[in-house]
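S.K.: The following comprises the amino acid sequence and a computationally predicted model.
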There are 2 protein chains.
Amino acid sequence: MTLSDRILMGPGPCNPYPEAVAALSHPMLGHLDPEFIALLDDTSDRLRTVFATANALTFPVSATGSAGMEASIVNFVGPGDVVVVGVNGVFGGRIVDVVSRTGAEAIAVDHEWGQPIDVQRMLDAHPSPAMYAVVHAETSTGAQSDVAAMGANKGDALLVADCVTSLGGVELRVDDWNIDIAYSGTQKCLGVAPGLAPLTVSDRAIERLRPVPQSWYLDLNMIAKYVTGGGARAYHHTAPTSMIMSLHAGLGAVLNEGLDAVRARHQAAGDAVKAGMLGLGFELFAADGHRLAPLTSIVIPDGRLGSVNESGVRAQLLQEYGIEIGGGLGPVAGRVWRIGTMGHTARQRNVTSLIAALTDILD
Amino acid sequence: MTLSDRILMGPGPCNPYPEAVAALSHPMLGHLDPEFIALLDDTSDRLRTVFATANALTFPVSATGSAGMEASIVNFVGPGDVVVVGVNGVFGGRIVDVVSRTGAEAIAVDHEWGQPIDVQRMLDAHPSPAMYAVVHAETSTGAQSDVAAMGANKGDALLVADCVTSLGGVELRVDDWNIDIAYSGTQKCLGVAPGLAPLTVSDRAIERLRPVPQSWYLDLNMIAKYVTGGGARAYHHTAPTSMIMSLHAGLGAVLNEGLDAVRARHQAAGDAVKAGMLGLGFELFAADGHRLAPLTSIVIPDGRLGSVNESGVRAQLLQEYGIEIGGGLGPVAGRVWRIGTMGHTARQRNVTSLIAALTDILD
């Protein structure tokens, strides 16, 4: 099959860094090879830097971001526990679903889509939850929430933060913000292929690990014996070695450029998307002052597309210009576009191409 | 970091096919791109061929083989169900653990390690289990079991078969053998990097899907809406697109060579390992008549290694010759070696290198 070469400006995956792609074809190593263990340790170190944490248990879960979410829940709560979940889009709703499947009670604090999480409403929802869960960067709406304010007020509860679309692209300080458990995905601002879920867990959270969580594959008690500790590593499952080599290289590219510079590049590209789309007569969906840089959500005003429908425009962008953007999810399907400027994609040249292509299509 | 180039003759990962490696660096596609959906569909078709099944629900789970195991259990059983599990090594034991975490009752039918599963003992264990689970090829012992005999006698129960080390390397006929659910890994006889778990589910099993399994990530009701059906695919999680492109290409290499030819190559390489190791004074661990071709388990006779210990020999093989072999797991740790001839590694040239290197080290 002949596959096209796309500019990936949807909600992820983005275009990966060339260094991350090259590392995928490194000669394969076994998951217990001392060289691979050293590379895994160095990958975890690099993840600590981008998460801004000293957490010992920091590593890439061997599956995509949603498995990072599941690992962050099922290892810590079960029947009898209450979890207060901020829901301002699809991914908060997904957390509610994952929590409910553990037998814990999920209290969903619903917000209007596009708005950030209201910390006071979270606190008012229950006097003593086992856990608060919030989405730092809602990929379905493009809204960013103040996780630091949640962390400053969490009391004895654990705080879980979904950082899938924020890690590496916007400011995130796991330790300073009192986040206990944070997870992400590799295919967003880290600029690596999808397939791994970077995860970090505080020592405080480790003390509350369920001894036998309902998932064997995501059991952090067992996985910790492989990913942390000294020379002897206990086999749990076969780590996806090629993907981890690629993550290591992608993180290397990010840290080489410098985290601040990478974030500034994401900010500049996101600003350029917003300016360009406003110039074309579109509106911004996420609330002013809470708009994500790496993912811009666009409202399509009635009549702006003329006789074409929104999926037709996206198909034309893909087929004629090789540019992918994302549609809306759930209640905003058909009304919203999501434009990602993440990882290697977060560059002015791609924004320029997109705006020019849309100008051609719509004029 | 500079990484070595190994000959991977452990229990997996093997060396991947060059075609599978090359595909990892294809330009990235989004998980909803029509070109990617077509490639995913073609990957599922190729998996149907190697599984020898017409099952509609056949696809790669977005995680490693153990997640395939978990998906095969948690979607079908829960509290009140009885699962009879054949345990003749580590992976049968793992199934017992996974079953227990669902609240179902796992009846472990324990066998001596190295022996195949005794179907009559499985049938005698319970009159009406919801499920039987057996490991076709026990990666911890090198023993192969007769799954067809289990399938012919399963009655109304579902039959789950762990085919991690058999798929693509030894005969496996999912439909003819009445297997309801079979899972595998990509890093064994398929000759692809670790990270995906090929899975196939019979229509009969689909009728027994739990409506809300305890795992969101592995929920087959939801995943089926993405991986099967017509043009419209519902987003569940971001598929690991690069890994799936690689699996597609690895399966292409296998089917191009021909499944029978690939299996014959695995058989010849496994036979050569056994002959070579017997010639060096080692013994075979798995029961005669039930020895796997792709994975040969070796007993290290007392004194055969002289003053060196077994892990020292493996380290020397790795460091001086660039050859990885595996140690024993659990009760046979320190007494057994596991030598894989899987995927691209399953070639006489690699066996020749290994036997020559061991001859050098031990003489």
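M.R.: Arrived safely, thanks for sending.
S.K.: For the residue of chain A most remote from its centre, identify the helix or strand it belongs to.
M.R.: Within chain A, residue A:307 marks the point farthest from the mean C-alpha position, 35.1 Å out by C-alpha atoms, centre = their mean. Taking DSSP states H and E as the definition, one finds residue A:307 inside no helix or strand.
S.K.: Number of residues surrounding residue A:236?
M.R.: By the criterion of other C-beta atoms under 10 Å in any protein chain shown, residue A:236 has 20 neighbours. From N, CA and C alone the C-beta is placed, and that goes for glycine too.
S.K.: Against residue A:222, how distant is it?
M.R.: Per C-beta to C-beta, to the nearest Å, residue A:236 is found 5 Å from residue A:222.
S.K.: try residue A:181
M.R.: Residue A:181 is 17 Å from residue A:222, by C-beta to C-beta.
S.K.: the more surrounded of the two?
M.R.: Higher neighbour count among residue A:181 and residue A:222: residue A:181, with 29 against 17, using other C-beta under 10 Å.
S.K.: correct me, but the more buried one touches residue A:205?
M.R.: Yes: taking C-beta atoms under 8 Å as the definition, residue A:181 is a contact partner of residue A:205 at 5.4 Å.
S.K.: Mutual contacts of these two, please.
M.R.: Residues touching both residue A:181 and residue A:205 (C-beta atoms under 8 Å, 6 or more residues apart in numbering or on different chains): A:76, A:158.
S.K.: can you map out the helices along chain A?
M.R.: In order along the chain, chain A carries the following helices (DSSP state H): A:18-24, A:34-51, A:65-74, A:90-100, A:119-124, A:147-152, A:203-206, A:220-227, A:241-257, A:259-279, A:310-321, A:348-362.
S.K.: Quick check: which of these has the most neighbours on average?
M.R.: Ranked by mean neighbour count, the helices of chain A are led by helix A:65-74 with a mean of 28 (mean count of other C-beta atoms under 10 Å in any protein chain shown).
S.K.: okay, the angle between it and helix B:65-74?
M.R.: Angle of helix A:65-74 versus helix B:65-74, following axes from the mean of the first three to the mean of the last three C-alpha atoms, to 10 degrees, is 60 degrees.
S.K.: Helix A:65-74 near chain B anywhere?
M.R.: Yes: using C-beta under 8 Å from any C-beta of the partner chain, helix A:65-74 reaches chain B at A:65, A:66, A:67, A:69, A:70.
S.K.: that older thread, okay, the helices of chain A in CSV with distance to residue B:286 next?
M.R.: Below are those laid out as CSV (distance: least, C-beta to C-beta, whole Å):
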stretch, distance to residue B:286
helix A:18-24, 35
helix A:34-51, 28
helix A:65-74, 34
helix A:90-100, 41
helix A:119-124, 57
helix A:147-152, 53
helix A:203-206, 40
helix A:220-227, 26
helix A:241-257, 27
helix A:259-279, 52
helix A:310-321, 52
helix A:348-362, 55
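S.K.: so which of those helices comes closest to residue B:200?
M.R.: Closest to residue B:200 of the helices of chain A, according to C-beta to C-beta: helix A:65-74, at 21.1 Å.
S.K.: who touches the closest one?
M.R.: So helix A:65-74 is contacted by A:61, A:83, A:91, A:94-95, A:98-99, A:102, A:131, A:133, A:160, A:162, A:164, A:181-185, A:187-188, A:194, A:197-199, A:210, A:213-215, A:218, A:220, B:62-63, B:215-217, B:236-238 (C-beta under 8 Å, 6+ apart).
S.K.: 7 Å - rerun?
M.R.: A:61, A:94-95, A:98-99, A:102, A:160, A:162, A:164, A:181, A:183-185, A:197, A:199, A:213-215, A:218, A:220, B:63, B:215-217, B:237-238 (C-beta atoms under 7 Å, 6 or more residues apart in numbering or on different chains).
S.K.: Check stretch A:300-311 too.
M.R.: Contacts with stretch A:300-311, where a contact means C-beta under 7 Å, 6+ apart, come from A:281, A:282, A:283, A:313, A:327, A:334, A:335, A:337, A:362.
S.K.: what does stretch A:44-55 give?
M.R.: Stretch A:44-55 is contacted from outside by A:58-59, A:167-168, A:172-176, A:182, A:198, A:200-202, A:227, A:248, A:251, A:254-255, A:259, using C-beta under 7 Å, 6+ apart.
S.K.: Spit out the contact partners of residue A:141.
M.R.: Residues in contact with residue A:141 (C-beta under 7 Å, 6+ apart) are A:88, A:89, A:113, A:114, A:285, A:286, A:297.
S.K.: How about the fifth one: what's its closest non-neighbour residue?
M.R.: The one in question is residue A:285. Distances taken as C-beta to C-beta, 6 or more residues apart in numbering or on different chains place residue A:297 nearest to residue A:285, at 3.8 Å, with adjacent residues excluded.
S.K.: For that neighbour, give me its contacts.
M.R.: Taking C-beta under 7 Å, 6+ apart, one finds A:141, A:142, A:284, A:285, A:286, A:336, A:338 in contact with residue A:297.
S.K.: Looking at those residues, state which has the most neighbours.
M.R.: Scoring the contacts of residue A:297 on neighbours with other C-beta under 10 Å, the highest-scoring entry is residue A:141 at 33 neighbours.
S.K.: Show me what whichever residue of the stretch 251-363 of chain A sits closest to chain B is bridged to.
M.R.: Nearest to chain B in the stretch 251-363 of chain A, going by C-beta to the nearest C-beta, is residue A:324, at a distance of 5.0 Å. Following DSSP bridges, residue A:324 is listed with bridge partners residue A:8.
S.K.: Test my guess that it contacts residue A:4.
M.R.: No: at 9.9 Å, residue A:324 does not count as touching residue A:4 under the criterion of C-beta atoms under 7 Å.
S.K.: Name the residue in the two with the higher neighbour count.
M.R.: Shown here are residue A:324 and residue A:4; by other C-beta under 10 Å, residue A:324 has more neighbours (27 against 15).
S.K.: for chain B, what are the nearby residues on the stretch 1-150 of chain A?
M.R.: Residues of the stretch 1-150 of chain A found near chain B (C-beta under 7 Å from any C-beta of the partner chain) are A:1, A:3-6, A:8, A:10, A:12-13, A:15-16, A:21, A:24-30, A:33, A:35, A:39, A:42, A:62-67, A:70, A:97-98, A:101.
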